[in-house]
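# Got a sequence here, can you build the structure:
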Amino acid sequence: MEKKILVALDDSDNALRSVNYLAENFNTKSRITLLSIIQDTASLCDLNSPELTPYFKSQQSNFCLLEDKKKELITVALAKAKDILLKAGFDEKNIEIKTHMKKRGIARDIIDESQRGYDLLVMGRRGISGIREFFLGSVSHKVFTLSKDISVLIIN
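Take a look at the predicted model:
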């Protein structure tokens, strides 16, 4: 039976490790969706308000360049993930790439997508720094804790 698998990705090595695991251990007949949630910070690039500090205004263009670079890194990571699956024998017609702008939060947005008829959700254990994870909690932990009615596979 053909499985429908959602793979949540960012541009981290752990995310690509989850794709490698999938490629090595799952049936190549499975339908795979590679999902990345993009932070919606582009609106800050167009922000023009008298309340903004002069420092923010002076650094605004640099910030926007960083955001463009982050989107580029995500695009490259999704292409690498697709290439890994193709080389493992997955059919291109069974691989879908989705990117969504963050709406409710990265973990909640992943969970929302997982409720659209997937059999399994796969993701890497950690894509952020240890300090940030300590204060904010990891996305994978939130997804694992909050997911209902779907199996979640966390790859270390």
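# For F90, see how far away I32 is.
Applying Cβ to Cβ, to the nearest Å, the value for I32 to F90 is 6 Å. Where C-beta positions appear, they are placed from N, C-alpha and C, glycine not excepted.
# My error: substitute S151 in the last question.
To F90, S151 is 20 Å away according to Cβ to Cβ.
# pretty sure L35 belongs to a helix, no?
No. Using DSSP: H, G, I helix; E, B strand; the rest coil, the assignment for L35 is strand, not a helix.
# just checking, it touches I111?
No. The pair L35 and I111 fails to qualify as a contact (Cβ atoms under 8 Å) at a distance of 11.1 Å.
# what about this structure, any weak spots by pLDDT?
Along the chain, segments meeting pLDDT under 70 span 1, 40-63, 66, 126-137.
# same thing but at 50, please
129, 131-136 (pLDDT under 50).
# At which residues are the helices of it located?
Using DSSP state H, the helices of the chain run over residues 13-25, 42-45, 54-87, 106-114, 130-136, 139-146.
# okay, those helices, which one's buried deepest?
helix 106-114 (a mean of 20; mean count of other Cβ atoms under 10 Å).
# would you list the helices of the chain in CSV and tack on distance to E2?
Compiled in CSV, the helices of the chain are given as follows (distance: least, Cβ to Cβ, whole Å):
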stretch, distance to E2
helix 13-25, 14
helix 42-45, 37
helix 54-87, 15
helix 106-114, 17
helix 130-136, 35
helix 139-146, 24
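# So for N94, which of the ones you listed sits nearest?
N94 lies closest, by Cβ to Cβ, to one member of these: helix 54-87, at 8.7 Å.
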